[in-house]
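>>> Sequence first, then the predicted structure, then my questions.
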Amino acid sequence: MDRMTDYAPAAASRRVLLAAPRGYCAGVDRAVIAVEKALEQYGAPVYVRHEIVHNKYVVQTLEKKGAIFVERTEEVPEGSIVMFSAHGVAPTVHEEAARGKLATIDATCPLVTKVHKEAIRYAQEDFDILLIGHEGHEEVIGTSGEAPDHITIVDGPDDVDKVTVRDESKIVWLSQTTLSVDETMETVNALKTKFPLLVSPPSDDICYATQNRQVAVKQMGADSDLVIVVGSKNSSNSIRLVEVALDAGARAAYLVDFASEIDEAWLEGVTTVGLTSGASVPEVLVEQVLEWLAERGYADVELVKTAEESIVFSLPKELRRDLRAEAAALVAEAAEAAEKVAEK
């Protein structure tokens, strides 16, 4: 990246504006490492319920290492190890795993777990919970499963008119963590107009990484003719980045998994290309796009940096426990070997 310079809004010939932050968030990093560590610790196969994160490249890479991705718990052979994805699962999935005598590793992102706990708490207080999110998304399914009798899904502002509640003085909104900040607040404002006593969660549910990547794209998109978002079609936060780029003023914005999917026709008349990646995307895929663009004259890369990220999440407790046990056994083994040497 020696060709990279700090971002400045001055005009340039055939440049790339590279968003920062981009790519892996702490929850995705934790989940991917968890699968890799589980394969090292227990050997293949390790079953993963649903894609560990929504990225084609990551899933294919882990499959080559011995991970097997399944959509239903019943697909996992009795007595096997199953890992729950970063999106989280409903309590019924934990019950299914127990019935199948499966060893579980929960790689749910801690920020998603926070929303689950909020749903449980408000349900216990008998609130109606309006969950802003996309119907059918794994995260929404998991959160809804924590309190199915109390949760109503609100899939954007257009859904607000259809919402009914039992008691307008006891309703709260929660949200999927990977939504567009602006669209979520538009939905919240519409809900507050209809339900003036609507309670907000103690802290924002949309994750820090989603917000940071959208802020960077807003700044970058305003100065870009074309924005390329690296991410998979089933990645909610990646799709949102395309929408944010267009809203920010980019003439065009596209979502691609790989550099090979870029259409050279997109570059016609383009001086400035904005580039970012979703929170489930490894940096190697961004590097490949930069190389592809450089080969076509876009070698000048300027960084659009809007935030620093230093959050790191620890591995799932099940993995930490077994890794500690293995480390202790190795230490004991080494001590025993040293003692035998000393006796000689």
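Cool, got the structure. Numbering: from 1, shown residues only.

>>> C-alpha only now, for contacts and for neighbours.
OK.

>>> so residue 32 makes contact with residue 52?
Yes: the pair residue 32 and residue 52 passes the contact test of C-alpha atoms under 8 Å, sitting 7.0 Å apart.

>>> Which of these two has more residues huddled nearby?
Neighbours per residue (other C-alpha atoms under 10 Å) separate residue 32 from residue 52, with residue 52 holding more: 26 against 22.

>>> What is the three-state secondary structure of the residue nearest to residue 33 when sequence neighbours are not counted?
Closest residue to residue 33 apart from its sequence neighbours, by C-alpha to C-alpha, 6 or more residues apart in numbering: residue 315 at 7.9 Å. Here residue 315 is recorded as coil under DSSP: H, G, I helix; E, B strand; the rest coil.

>>> One more: residue 168?
The assignment at residue 168 comes out as coil when based on three-state DSSP.

>>> what's the burial count for it?
Here the number of neighbours of residue 168 (other C-alpha under 10 Å) works out to 15.

>>> Beta-bridge partners for residue 70, please?
Counting by DSSP bridges, residue 70 forms beta bridges with residue 49.

>>> now residue 272
Applying DSSP bridges to residue 272 yields these beta-bridge partners: residue 15.

>>> what's the neighbour count on it?
Residue 272 has 25 neighbouring residues, counting by other C-alpha under 10 Å.

>>> Am I right that it is in contact with residue 224?
Yes: using C-alpha under 8 Å, residue 272 is in contact with residue 224, at 5.1 Å.

>>> shared neighbours of these two, anything?
Listed as contacting both residue 272 and residue 224 by C-alpha atoms under 8 Å, 6 or more residues apart in numbering are residue 17.

>>> now the helices: where do they sit in the chain?
Counting by DSSP state H, the chain has these helices, from start to end: 26-42, 56-65, 91-99, 110-124, 138-144, 181-194, 208-221, 236-248, 283-294, 317-343.

>>> would you list the ones you listed in TSV and tack on distance to residue 18 and mean pLDDT?
TSV is the format used below for those (distance: least, C-alpha to C-alpha, whole Å; pLDDT from 0 to 100):
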stretch	distance to residue 18	mean pLDDT
helix 26-42	20	96
helix 56-65	21	97
helix 91-99	40	96
helix 110-124	26	97
helix 138-144	29	97
helix 181-194	21	95
helix 208-221	8	95
helix 236-248	13	96
helix 283-294	9	98
helix 317-343	35	63
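
>>> Tell me which of those helices approaches residue 162 most closely.
helix 181-194 (10.7 Å; C-alpha to C-alpha).

>>> Mind listing residues that contact that closest one?
Contacts of helix 181-194 (C-alpha under 8 Å, 6+ apart): 132, 156, 157, 160, 173, 175, 198, 206, 211, 214.

>>> got those residues as CSV, with distance to residue 306 columns?
As requested, the contacts of helix 181-194 are exported to CSV (distance: C-alpha to C-alpha, whole Å):
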residue, distance to residue 306
132, 26
156, 27
157, 28
160, 33
173, 28
175, 24
198, 32
206, 17
211, 11
214, 10
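
>>> In strands only, show me those.
Among those, the residues falling in strands (DSSP state E) are 132, 173, 175.

>>> what pLDDT does the last one get?
Looking at residue 175, its pLDDT is 96.

>>> Tell me who's in contact with it.
115, 131, 132, 133, 184, 205, 206.

>>> Can you tell me the closest non-neighbouring residue to it?
Here the nearest residue to residue 175 in space, its sequence neighbours aside, is residue 132; by C-alpha to C-alpha, 6+ apart that works out to 4.4 Å.

>>> Buried residues, stretch 129-147. List them.
Within stretch 129-147, the residues that count as buried by 16 or more other C-alpha atoms under 10 Å are 129-134, 138-147.

>>> Looking at these, which is nearest residue 87?
Distance to residue 87, by C-alpha to C-alpha, is smallest for residue 139 among these, at 4.7 Å.

>>> Verify the contact between the closest one and residue 90 for me.
No: if you go by C-alpha under 8 Å, residue 139 and residue 90 don't touch, sitting 9.1 Å apart.

>>> quick one: which two of the buried residues of stretch 129-147 are the most distant?
For those, and using C-alpha to C-alpha, no pair is farther apart than 129 and 138, which are 17.9 Å apart.

>>> so residue 262 makes contact with residue 256?
Yes: applying C-alpha under 8 Å, one finds residue 262 in contact with residue 256, separated by 6.9 Å.

>>> between those two, what contacts are shared?
Common neighbours of residue 262 and residue 256, counting by C-alpha under 8 Å, 6+ apart, are absent.

>>> quick one on the thing from earlier: export the helices of the chain as JSON lines, with columns for distance to residue 277.
Output for those, formatted as JSON lines (distance: least, C-alpha to C-alpha, whole Å):
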{"stretch": "helix 26-42", "distance to residue 277": "13"}
{"stretch": "helix 56-65", "distance to residue 277": "13"}
{"stretch": "helix 91-99", "distance to residue 277": "31"}
{"stretch": "helix 110-124", "distance to residue 277": "20"}
{"stretch": "helix 138-144", "distance to residue 277": "20"}
{"stretch": "helix 181-194", "distance to residue 277": "17"}
{"stretch": "helix 208-221", "distance to residue 277": "8"}
{"stretch": "helix 236-248", "distance to residue 277": "7"}
{"stretch": "helix 283-294", "distance to residue 277": "7"}
{"stretch": "helix 317-343", "distance to residue 277": "29"}
